[in-house]
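# Sequence plus predicted model, see below.
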Amino acid sequence: MRLQRWYTPYLLVLPGVIWMVVFALWPFLNTIALAFTDARPLRPAEFVGFANFDKMLEDDRFGYALTTSLIYVVVCVPLLTFLPLLLALLVHNKVPAIGFFRTTFYFPVIASAVVVAIVWEFLFSGSGTINSALNFFGLIDRPVEFLSDRWLLIGCAIGLTVWKGLGYYMVVYLAALGNVGRELHEAAAMDGADRWRRFWSVTVPGVRGPMMLVSVLVCVGASRVFTELYVLSNGSGGPGGRAMSMVMLIQSMGKGLNGQVGYASAISLVLFLLTLVPLLIVGIANNGDTIREALASRRAVKAAKIKREATVQEVQR
Amino acid sequence: MTATQTSGTVKPPRENPYRTRGSADIMKPSLGGLIGKYAMLLGVLALMVFPFLWQMSTSLKGAPENIYDFPPSLIPAAPTLDNYAEVFRTIPVVDYAWHSLLVGVGTVITTVVFATLGGYALGTMKFRFKWVVLAIFFSTLLIPAEVTLTSQYLTVKSLGLANTLWGVFLPGAIGAINVLLMTAACRMIPADTLDAATIDGANTMQRLRHIVWPNVRGMVSVVALFAFIGAWDDFLWPLVVLSDPANYTLTVGMQYLSSNFAANPRVIAAGTMIALVPIILLFALLQKWFFKGVEEGSVKG
């Protein structure tokens, strides 16, 4: 039942494959190669072995960037795993005007990160609305400089990321909540489980898969943070560049005629390995049973072998 | 008696959104619970839209008005469009919007066309080395664009496209995730339908046009919407590629405006509204299809 020529499928996937190779795989291989050179623009690159990675260990800026990115991940993951689930539960049931709420909760997601970061810059600036509010309630005497302190700046950026991400992960959970059967909820309620208990014993186990997915997405996304910190610090990376993220460091290292392309590539490689860690953890967690079974069967084989040897020895004796 | 009248009389009573006395539907909130729910919804709503409303009101306020007072006054006392005029005088914002639109529309077209073609082949056809092709797409998913930033720039530069809109557009023209999404959508098409079309003498293009396209339109609209939003909102890549302010897209232009002309927040607010309003309107228009697509996705798993 094939009235197509043999090359039709190849022709159909060809553009996509070319794109992936030219704009993803080739640059990636190139990054790996460049990471071991001292490449700079307008100069032939030379192989330097692990010099770039040695340099990283001594580079304060790399230490700051790694710290910032790791803190970003550690704070964002729990917040963006649970808050969107609560939000999804809030908009899950069909009540009048729920479409309106769902749509508006999604607005921060579709707005450009630059635009919302500029809004936050105004709200959190020394004379901004947040300071006016704190002053209004008599909590502070002097304005708090949110954007020129390393930790406060990172905190603001995390707040921005969480606020912007809520709607996105809410929709992921919304799709999943449809699959949690209401029978389970009803049965649990019959047995006298209150709302809180039902949340932990029915809803959370019901969306465990999507929850895993969300936490991985958040993890990878948070380690790639750039725009929020860049705009809030006006491109400087905070006081002394200490609130820079990994991507900001890569961008500032690699740019311009004097860019240290080799060093930037080495940092990129470290970033790539960082984004792989959560994927590996989930891979192991999801296939935990398979791995455990494999180990168990190996142990069983070994035990059987020992037993057999023992019997053989006994027989020989 | 006409049919319409009969159907009118047997119409079930309108369902209450809350649980009434004697109802056994425990999934429905009680009346008090429903009121609490709306209170929470309104609270979250305030949190989600306040920054946007505040920005809009700031952009409409004149110089004598204080924009940072608390409680914030969201309705300007003397609304003015001067700030918008000032944006147009300060930066070529129309050019920037045009550049963003070009990149966005270009991305949508290439994504829809090539992701559908590739998804059709991967989802419905059998061919040798299919697993290699799938492996290429899946492995690409693992590589974040930020990791290849530096080398990507070198690639684009060697193609002679640095500081051009082509350089901004090309790397994102086909996304691996979109091809895979279309593959999943095409797999849902019953093979019998395609075979029947083949027996009737339809060639590949006719099958695509008359069988595949109507079946995957829902997924196409979601993919297209996200391709456009992604291209319109992207910041890091245009920032790296574009060096001449004359070529900027809106996002880079906004950052340029905000960091170089920071004296007047009202003008910057007006600029951000110009970048924000089109995309919000687009989403508000298409949101019905979007949420429908999400729910359908959940049913199909």
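That came in fine, so what should we check first? Numbers count the residues shown, from 1 in each chain, chains lettered A, B, ... in the order given.
# Quick check, residue A:106 in contact with residue B:283.
Yes. Between residue A:106 and residue B:283 a contact is recorded at 7.2 Å, counting by C-beta atoms under 8 Å. Every residue, glycine included, has its C-beta placed from N, CA and C.
# Domains in the chain, by residue range?
This is for chain A. For chain A, automatic domain parsing gives the domain ranges A:51-286, A:289-317.
# That was the other one, I meant chain B.
If you go by automatic domain parsing, the domain ranges for chain B are B:31-80, B:87-300.
# any idea which of those is most buried?
Mean neighbour counts were taken over the domains of chain B using mean count of other C-beta atoms under 10 Å in any protein chain shown, and the top value, a mean of 19, falls to domain B:87-300.
# Looking at that domain now, give me its mean pLDDT.
Per-residue pLDDT values over domain B:87-300 give a mean of 89.
# Now do the same for residue B:72: helix, strand or coil?
Following DSSP: H, G, I helix; E, B strand; the rest coil, residue B:72 is assigned to coil.
# got it, and the one 5 residues further on?
Here residue B:77 is recorded as coil under three-state DSSP.
# nearest residue to it other than its sequence neighbours?
Taking C-beta to C-beta, 6 or more residues apart in numbering or on different chains as the measure, residue B:77 lies nearest to residue B:65, with 6.0 Å between them; neighbours along the chain are not counted.
# how much space between the one you found and chain A?
Taking C-beta to the nearest C-beta, to the nearest Å as the measure, residue B:65 and chain A are separated by 14 Å.
# Phi and psi next, for that residue.
Summarising the backbone geometry of residue B:65 under the convention degrees, to the nearest 10, its torsions are phi -80, psi 140.
# Quickly note the distance from it to residue B:78.
The spacing between residue B:65 and residue B:78, counted by C-beta to C-beta, to the nearest Å, is 7 Å.
# that older thread, can you check which of the domains of chain B gets nearest to residue A:286?
Ranking the domains of chain B by proximity to residue A:286 (C-beta to C-beta) places domain B:87-300 first, at 15.8 Å.
# and the closest one, how far from the chain's centre?
Between the mean C-alpha location of domain B:87-300 and the chain-wide mean there is a distance of 9 Å, by C-alpha atoms, centre = their mean, to the nearest Å.
# same deal with stretch A:12-30?
A distance of 24 Å separates the C-alpha centroid of stretch A:12-30 from that of its chain, computed with C-alpha atoms, centre = their mean.
# quick one: terminal-to-terminal distance for it?
Start-to-end span of stretch A:12-30 (C-alpha to C-alpha, to the nearest Å) is 27 Å.
# buried ones in that stretch?
Burial within stretch A:12-30, assessed by neighbour count using 16 or more other C-beta atoms under 10 Å in any protein chain shown, is assigned to A:12-17, A:19-20, A:23-25, A:27-28, A:30.
# ok, and of these, which contact chain B?
When contact is defined as C-beta under 8 Å from any C-beta of the partner chain, the buried residues of stretch A:12-30 meet chain B at A:12-13, A:15-17, A:19-20, A:23-25, A:27-28, A:30.
# ok, residue B:219 touching residue B:183?
No. The criterion here is C-beta under 8 Å, and residue B:219 misses it with residue B:183 at 10.0 Å.
# which residues of the stretch 51-200 of chain B fall in strands?
Shown for the stretch 51-200 of chain B, no strands are assigned by DSSP state E, counting those that start in this stretch.
# what's the neighbour count on the nearest residue to residue B:291 once chain neighbours are set aside?
In space, not counting the residues next to it along the chain, residue B:291 is nearest to residue A:102; the distance is 6.3 Å by C-beta to C-beta, 6+ apart. A count of nearby residues for residue A:102, using other C-beta atoms under 10 Å in any protein chain shown, gives 23.
# Give me the below-cutoff pLDDT ranges for chain A.
Scanning chain A with the threshold set as pLDDT under 70 gives A:1-4, A:257, A:317.
# Where is the longest helix in it?
For chain A, the longest helix by residue count, based on DSSP state H, is helix A:60-92.
# That one: which residues count as buried?
Residues of helix A:60-92 classed as buried: A:61-62, A:64-69, A:71-73, A:75-77, A:79-81, A:83-85, A:87-92 (neighbour count, 16+ other C-beta under 10 Å).
# if we look at chain B, which of those residues are close to it?
When these are filtered against chain B using C-beta under 8 Å from any C-beta, the residues retained are A:87, A:90, A:91.
# Output stretch B:159-167 as CSV, nothing but the C-alphas.
Extracted in CSV, the C-alpha atoms of stretch B:159-167 (Å, rounded to 0.1, in the frame of the first residue of the first chain):
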residue,chain,number,x,y,z
LEU,B,159,27.6,32.4,7.5
GLY,B,160,28.0,36.2,7.3
LEU,B,161,24.8,36.8,9.2
ALA,B,162,26.1,38.5,12.3
ASN,B,163,24.2,41.7,13.1
THR,B,164,21.3,40.7,10.7
LEU,B,165,17.8,39.6,11.3
TRP,B,166,18.5,36.5,9.4
GLY,B,167,21.0,35.6,12.0
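# thinking again about what came up before, correct me, but the residue nearest to residue B:77 touches residue B:76?
Yes. Shown here, residue B:65 and residue B:76 form a contact pair, counting by C-beta under 8 Å, at 6.4 Å.
# I figured residue A:53 hits residue A:266, correct?
Yes. Distance between residue A:53 and residue A:266: 5.8 Å, which falls inside the contact criterion (C-beta under 8 Å).
# Quickly list what's touching both of these two.
Taking C-beta atoms under 8 Å, 6 or more residues apart in numbering or on different chains as the contact definition, residue A:53 and residue A:266 share the neighbouring residues residue A:35.
# neighbour count winner among those two?
Regarding residue A:53 and residue A:266, a neighbour count based on other C-beta under 10 Å identifies residue A:266 as having more, with 28 against 16.
# The residue nearest to residue B:63 when sequence neighbours are not counted: helix or strand, and which one exactly?
Excluding its sequence neighbours, the residue lying closest to residue B:63 (C-beta to C-beta, 6+ apart) is residue B:266, at 7.4 Å. In the assignment (DSSP states H and E), residue B:266 maps to helix B:265-300.
# ok so, going back, out of the domains of chain A, deepest packed?
Among those, the stretch with the highest mean neighbour count (mean count of other C-beta under 10 Å) is domain A:51-286, at a mean of 19.
# Thought residue B:172 was touching residue A:19, still the case?
No. Here residue A:19 lies out of contact with residue B:172, judged by C-beta under 8 Å, at a distance of 9.5 Å.
# quick one, strands of chain A?
Applying DSSP state E to chain A gives no strands.
# Residue B:81: neighbour count?
The criterion is other C-beta under 10 Å. On that basis, residue B:81 has 10 neighbouring residues.
# quick one: contacts for it?
Under the criterion of C-beta under 8 Å, 6+ apart, the contact partners of residue B:81 comprise residue B:60.
# pLDDT at it, what is it?
In this model, residue B:81 is scored at 87, pLDDT.
# What separation do you get for it and chain A?
Between residue B:81 and chain A the distance is 19 Å, computed by C-beta to the nearest C-beta.
# And that residue, how far from residue A:256?
Applying C-beta to C-beta to residue B:81 and residue A:256 gives a distance of 39 Å.
# contacting residues for residue B:149?
Counting by C-beta under 8 Å, 6+ apart, residue B:149 makes contact with A:247, A:250, A:251, A:254, A:264, A:268, B:236, B:237, B:240.
# The same query, at a cut-off of 10 Å, please.
Contacts of residue B:149 were listed using C-beta atoms under 10 Å, 6 or more residues apart in numbering or on different chains, and they are A:27, A:31, A:226, A:247, A:250-251, A:254-255, A:264-265, A:268, A:271, B:236-237, B:240.
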